[in-house]
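Novice: I would like the atomic coordinates for the input below:
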Amino acid sequence: MDPHILSVLVFFALFLLVLGIHDLNSIDHKTLSRRIKKLGIDSSQKGEQKEKTEHTDYLRKLLAWAGGLSLSRRLGQRIDKRLEEADVMLKGGEFIVIVMTVTVGSFLVMFSITFNLIQSAMVAIIAAMIPFSLLNMARGKRLVSINSQLGDALTILANSLRSGYSFIQSMDLVRKELPDPISKEFGRTLREINLGTATEDALLNMAKRINSEDFDLIVTAVLIQRQVGGNLAEVLDNIAGAIRDRIRIKREIKTLTAQGRI
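Specialist: Next up is the predicted model:
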């Protein structure tokens with residue numbers, strides 16, 4: 001292969017890799033920009049931050065354009081739900097573009113060093129698996145975090161219902177009192193309800209996003225109670241007890257089987 005062509009390909013691959021990394025941090029840059037504006041920093045700092053924001057927006061638009069291509073969009077449809085469950089602010093097509101960029105970039109860099117097609121292909125395959133592994137780890141970590149917060153959320157819901165709050169007001173209290181990620185999910189559900197979505201549909205959408213068996217049980221109990229009536233606070237207390245017992249048993253099993261698993 002012509003060294004000049006190889007150099008151009010390596011440069012293009014590294015550029016796309018930097019594009020993907022910048023996109024993952026774009027939300028943090030926007031949040032930082034809003035906070036800096038509130039603090040009222042001097043004009044020179046504002047100008048620098050504005051340039052960085054504009055640069056990030058340009059990279060984000062470029063990644064969105066690449067992710068909107070027909071092939072990327074079709075491949076990404078199967079990953080959209082997994083990204084939503086992991087709370088990754090990317091579309092499936094954009095994630096596919098990042099994976100392809102990492103794969104091609106790793107192959108070209110390795111090939112430019114070793115000039116061995118087999119080794120370069122193996123490195124590219126391993127590099128392609130890394131984003132999916134990170135995505136699965138993020139999904140699992142977020143699910144564990146939400147499941148650990150469900151007991152406290154149910155306790156707040158039950159106590160606020162006994163105090164005379166409505167179910168929507170109790171959900172808002174959970175959003176205010178508990179940290180992310182469950183606070184973010186309750187806040188998103190409340191926004192859907194405020195925009196006109198039926199409470200039942202909003203709860204079902206929340207259950208799909210979280211994809212937790214424990215939370216599915218909660219949503220089922222709430223939907224049944226809204227149809228047939230009953231003491232929802234008592235039902236939620238019973239479910240909270242069952243969830244806490246399940247978590248305790250899982251931890252005990254994990255402790256007792258640690259040596260065998262090692």
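Novice: which residues in the stretch 151-262 of the chain form helices?
Specialist: 167-177, 182-194, 199-210, 213-228, 232-256, 258-261 (DSSP state H, counting those that start in this stretch).
Novice: Could you dump these into TSV and include mean neighbour count, mean pLDDT and distance to residue 105?
Specialist: C-beta coordinates here come from the backbone N, C-alpha and C atoms, glycine included. Conversion of the helices of the stretch 151-262 of the chain to TSV gives the following (neighbours: other C-beta atoms under 10 Å; pLDDT from 0 to 100; distance: least, C-beta to C-beta, whole Å):
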stretch	mean neighbour count	mean pLDDT	distance to residue 105
helix 167-177	17	94	41
helix 182-194	17	94	33
helix 199-210	18	93	32
helix 213-228	16	91	39
helix 232-256	14	90	39
helix 258-261	7	84	36
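Novice: Mind checking these for the one nearest to residue 102?
Specialist: Closest to residue 102 of the helices of the stretch 151-262 of the chain, according to C-beta to C-beta: helix 199-210, at 26.5 Å.
Novice: for that closest one, packing partners?
Specialist: Under the contact criterion of 3 or more C-beta pairs under 8 Å, 6 or more residues apart in numbering; DSSP states H and E, helix 199-210 touches helix 80-85, helix 182-194, helix 213-228.
Novice: Apply 7 Å and report the result again.
Specialist: In terms of contacts (3 or more C-beta pairs under 7 Å, 6 or more residues apart in numbering; DSSP states H and E), helix 199-210 is packed against helix 182-194, helix 213-228.
Novice: Alpha carbons of the last one, as PDB, please.
Specialist: Included here for helix 213-228 are C-alpha records, laid out as PDB according to Å, rounded to 0.1, in the frame of the first residue of the first chain:
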ATOM      1  CA  GLU A 213     -38.100  -7.000  37.300                       C
ATOM      2  CA  ASP A 214     -38.600  -5.300  40.700                       C
ATOM      3  CA  PHE A 215     -39.800  -2.100  39.100                       C
ATOM      4  CA  ASP A 216     -42.100  -4.100  36.800                       C
ATOM      5  CA  LEU A 217     -43.700  -5.500  39.900                       C
ATOM      6  CA  ILE A 218     -44.200  -2.000  41.300                       C
ATOM      7  CA  VAL A 219     -45.800  -0.700  38.100                       C
ATOM      8  CA  THR A 220     -48.100  -3.700  37.900                       C
ATOM      9  CA  ALA A 221     -49.300  -3.100  41.400                       C
ATOM     10  CA  VAL A 222     -49.900   0.600  40.800                       C
ATOM     11  CA  LEU A 223     -51.800  -0.100  37.600                       C
ATOM     12  CA  ILE A 224     -54.000  -2.700  39.300                       C
ATOM     13  CA  GLN A 225     -54.700  -0.400  42.200                       C
ATOM     14  CA  ARG A 226     -55.700   2.400  39.900                       C
ATOM     15  CA  GLN A 227     -58.300   0.100  38.200                       C
ATOM     16  CA  VAL A 228     -59.800  -1.800  41.200                       C
END
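Novice: nearest to residue 159, of the helices of the stretch 151-262 of the chain?
Specialist: Per C-beta to C-beta, nearest to residue 159 of those: helix 232-256, 7.6 Å.
Novice: Can you tell me what sits against the closest one?
Specialist: 147-148, 150-151, 154-155, 157-158, 161-162, 214, 217-218, 221-222, 225 (C-beta atoms under 7 Å, 6 or more residues apart in numbering).
Novice: So what does residue 116 look like in phi/psi?
Specialist: Main-chain torsions, residue 116, degrees, to the nearest 10: phi -120, psi 110.
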